[in-house]
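> Sequence first, predicted coordinates after that:
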Amino acid sequence: MTDHETQQVARRRGKVLDALVRAERATVTRSAPKSAKAQVKFLLTRVQGSTKALAERLGVSRRTVERYRAGQLKTPQKKLQQTLVEETASEWQPQVRAQARERAATFGGMVVEVCAYFGFTASGSSDDGRERFITTAISPHYAAQILRLQEAGATEEELHPVVAEAITESYFTEWGSRAAGLRADFTHVQSIDFHF
């Protein structure tokens, strides 16, 4: 997928949700199929060989799916190519991704790298809000909460407070050892990545 296509997907999904998808996909142990023929063959295994079901999923005709499977067509148009890449990546190695999510939610936690504008609410705080680049580990409790929200179809706006609370606990209050009562919110997210 080109940088432009990646940016378009990120705009549709939101930066936090896109970062969670990228983190999950980074846990795979083998490369996903690259050619259109291999992607179509793989996706057909996910729909029990139904060319009709795959055609509906990809937004193309049944005959188009059959031609890619047979190798008669090799270079899909940009929209179909993007859809093939997305669908293949979303289905690739589900057990490996599930194990990584389970580890993050139970004992491993996650690392979040974010560049955003952080504003603060606290009594007596002299630290004005500003753009910061922060890399911090967040607890399994928050990792589980974030992953649960993602699975439930939460929006970007619903995830922001939870991610902000996780960053506040681990980075700004150092697990409750300082700055009691501090609450940080972030906006204007320039970049965000999760690792688990």
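Structure's in. What do you need? Numbers count the residues shown, from 1 in each chain.

> Now do the end-to-end distance for stretch 161-178.
Start-to-end span of stretch 161-178 (Cα to Cα, to the nearest Å) is 20 Å.

> what about the one helix or strand residue 167 maps to, average pLDDT?
Assigned by DSSP states H and E, residue 167 belongs to helix 156-167. The predicted model assigns helix 156-167 a mean pLDDT of 92.

> Show me what it is packed against.
If you count contacts as 3 or more Cβ pairs under 8 Å, 6 or more residues apart in numbering; DSSP states H and E, helix 156-167 packs onto helix 15-25, strand 110-121, strand 130-138, helix 140-151, strand 183-195. Backbone N, C-alpha and C define where each C-beta goes, glycine included.

> For the protein, which residue occupies the most central location?
For the chain, the residue nearest the mean C-alpha position is residue 21 (1.9 Å; Cα atoms, centre = their mean).

> sorry, back to before: among the helices and strands packed on helix 156-167, which comes closest to residue 95?
Ranking the helices and strands packed on helix 156-167 by proximity to residue 95 (Cβ to Cβ) places helix 15-25 first, at 12.4 Å.

> list the buried ones in that closest one?
For helix 15-25, a neighbour-count test (16 or more other Cβ atoms under 10 Å) marks 15, 16, 17, 18, 19, 20, 21, 22, 23, 24 as buried.

> residues near the residue lying closest to the second one once chain neighbours are set aside, how many?
The one in question is residue 16. Closest residue to residue 16 apart from its sequence neighbours, by Cβ to Cβ, 6 or more residues apart in numbering: residue 159 at 4.8 Å. The local packing of residue 159 (other Cβ atoms under 10 Å) involves 20 other residues.

> can you list the residues that contact stretch 65-73?
Applying Cβ atoms under 8 Å, 6 or more residues apart in numbering, the external contacts of stretch 65-73 come out as 36, 37, 40, 41, 44, 51, 54, 55, 58, 64, 74, 76.
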